[in-house]
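Undergrad: can you look at this prediction? I've put the sequence above it.
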Amino acid sequence: MLQVSFIRENRDLVLDGLKKRNFGADELKVIDQILETDIKRKSAQTELDQLLSESNQLSKSIGQMYKNGQRDEADELKKKVTSLKEKTSQLQTTMNEAAHAVQELLYTVPNIPHPSVPKGNSEEENEVFKDLEGPLPVLDGEPLPHWDLAKKYNVFDLDLGVKITGAGFPVFRGKGARLQRALINFFLDEAHAAGYEEFVPPLLVNEDTARGTGQLPDKEGQMYYVEKDDFYLIPTAEVPITNVYRNEILAEKDFPIKMCGYTPCFRREAGSYGAHVRGLNRVHQFDKIEIVQIQHPDRSYDTLHDMLAHVEGLLNKLELPFRILRLCSGDLSFASALTFDFEVYSAAQKRWLEVSSVSNFESFQTNRMKLRYKDENNKTQLAHTLNGSALALARIIACLLENNQTPEGIVIPEALRPYTKFDILN
RNA sequence: GGAAGAGUGGCAGAGCUGGUUUAAUGCACCGGUCUUGAAAACCGACGUACUUUAACGAGUACCGGGGGUUCGAAUCCCUCCUCUUCCGCCA
């Protein structure tokens, strides 16, 4: 969420940013609407504060009068304050309504894209930031997609998931389950080695937490909701982990804060059907290791590139062919200022599969969360947050199965073998 | 799930028979004096948000969250949340 003060001081910049996000003339009106409503709020507050100040003064002297035994004069004053009260409660309502309206409008405004974000309408226009070195890998014979391989080697079972829960809840078993566990440990160890503190957070979060990272109110339908307790199942570890520092004021020396965590992720998303959502390409529950950083605004873009390097390192160790995309404005998520996607090429599906997304949210989340720090002048400023998948398991398993298939079985990459304790999955 | 008690500024802790509390006091942190340096001592500053001001400053709100009573609420009432203790249930 953008700050009103920021919009006030950078109106044109905000408008340009929204135009880049393909806002039409009508949609852009929201900005001036916010500014006008905020002016209403301000003038109501100015007047209200004055009246409250006055009645505070009077109430105090009433107290004095009672002490001095000036009962009649006190009663006279009481009437005056009572009449003031009518006005103040009216102003209070005006102010609250205006403040609330500003808030609601702000929720509809996405983050301003970073200058480097290419303008575009859809994922077609994402920019290849770093391409795969060398030609696209080709597999001999007739490579199978991962859902066929999964059946062949009993890696996971979607039908069993349907029996136990419903569509989109894969059941991993045997070596598939062990591969899953190996990947989790591998990714966590790598994150730990890179200096990220590990968390095991709750998988259900309350409303404030879901709002803090921007899942509410915009993405309400994507989360599973437990009505009886008013909890949301997390769609990503980003939600509980970033909220660790909600409502905190940090010192400059606390930066950077590096956190990571493994959690299952739950997504209701009613996706489309067809090959693109087959198998593990899109499921309701999957496992993911998330890395999160809280950083000083001056250094958040350096940090973004550090995080990219971390994810690159993981994919290199897993020997998977990948490329990095810089998302165009049309594909950029609501809260992000700049996002890089990692895609692994599946030689079996002959398409690129998204396996990670690394973003800088700048102060968009921290404004909602009230996550601030004291700068060198002792002023409170909003910190920046960043996060990235490092990595999402289901998709990585799909990629490993498809790219590493041989007549003998699925070859486990060297780096994973100490974790799987087997070299080939067959 | 049942019963009782409690939630106050970074921490500890007073206030809680409503009105010089604009939340005492101590500790911690920060600045200064002293010192070769440090400690101690002493002095000072020490919350957040918003409004207003060119600025100094002034004002308003906030004592777990929300609502209410009152001229006036940390203090009284309602409600929710959390914690502690006891009982019950349980991996």
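TA: Received the coordinates, thanks. Treat the numbers as computed from the prediction; the structure is a model and nothing was measured. Residues are numbered from 1 along each chain as shown, chains lettered A, B, ... in the order given.
Undergrad: hmm, residue A:225 is touching residue A:232, no?
TA: Yes. With contact defined as C-beta atoms under 8 Å, residue A:225 counts as touching residue A:232 (5.6 Å). Where you see a C-beta, it was placed from the backbone N, CA and C, and this is true even at glycine.
Undergrad: more neighbours, these two?
TA: The residue with more neighbours, out of residue A:225 and residue A:232, is residue A:232; 23 against 16, by other C-beta atoms under 10 Å.
Undergrad: what bridges to the more buried one?
TA: Per DSSP bridges, the residues bridged to residue A:232 are residue A:205, residue A:225.
Undergrad: wait, it sits on residue A:221?
TA: No. The criterion here is C-beta under 8 Å, and residue A:232 misses it with residue A:221 at 11.4 Å.
Undergrad: could you point out the longest helix of chain A?
TA: Looking only at chain A and at elements set by DSSP state H, the helix with the highest residue count is helix A:25-68.
Undergrad: mean confidence for it?
TA: Per-residue pLDDT values over helix A:25-68 give a mean of 92.
Undergrad: does that helix come close to RNA strand B?
TA: Yes. Helix A:25-68 is in contact with RNA strand B by C-beta under 7 Å from any atom of the strand, via A:42-43, A:45-46, A:48-50, A:52-53, A:55-60, A:62-64, A:66-67.
Undergrad: any idea how far that helix is from the chain center?
TA: 35 Å (C-alpha atoms, centre = their mean, to the nearest Å).
Undergrad: repeat that for stretch A:131-141.
TA: Its chain's C-alpha centre lies 33 Å from the corresponding centre of stretch A:131-141 when counted by C-alpha atoms, centre = their mean.
Undergrad: grab the nearest non-local neighbour of the residue of the stretch 101-250 of chain A found nearest RNA strand B.
TA: As assessed by C-beta to the nearest atom of the strand, RNA strand B sits closest to residue A:249 within the stretch 101-250 of chain A, at 6.0 Å. Nearest residue to residue A:249, sequence neighbours excluded (C-beta to C-beta, 6 or more residues apart in numbering): residue A:372, at 5.0 Å.
Undergrad: count of neighbours near that neighbour?
TA: Counted with other C-beta under 10 Å, the neighbours of residue A:372 add up to 19.
Undergrad: poorly predicted segments of chain A, please.
TA: Of all residues in chain A, those with pLDDT under 70 make up the ranges A:270-277.
Undergrad: tell me the centre residue of it?
TA: The centroid of chain A falls nearest to residue A:213 when counting by C-alpha atoms, centre = their mean (5.2 Å).
Undergrad: my guess is it contacts residue A:243. True?
TA: Yes. With contact defined as C-beta under 8 Å, residue A:213 counts as touching residue A:243 (6.5 Å).
Undergrad: what is in contact with those two at once?
TA: Common contacts of residue A:213 and residue A:243 (C-beta atoms under 8 Å, 6 or more residues apart in numbering): residue A:369.
Undergrad: and residue A:74, backbone torsions?
TA: Dihedral angles of residue A:74 (phi, psi; degrees, to the nearest 10) stand at phi -60, psi -50.
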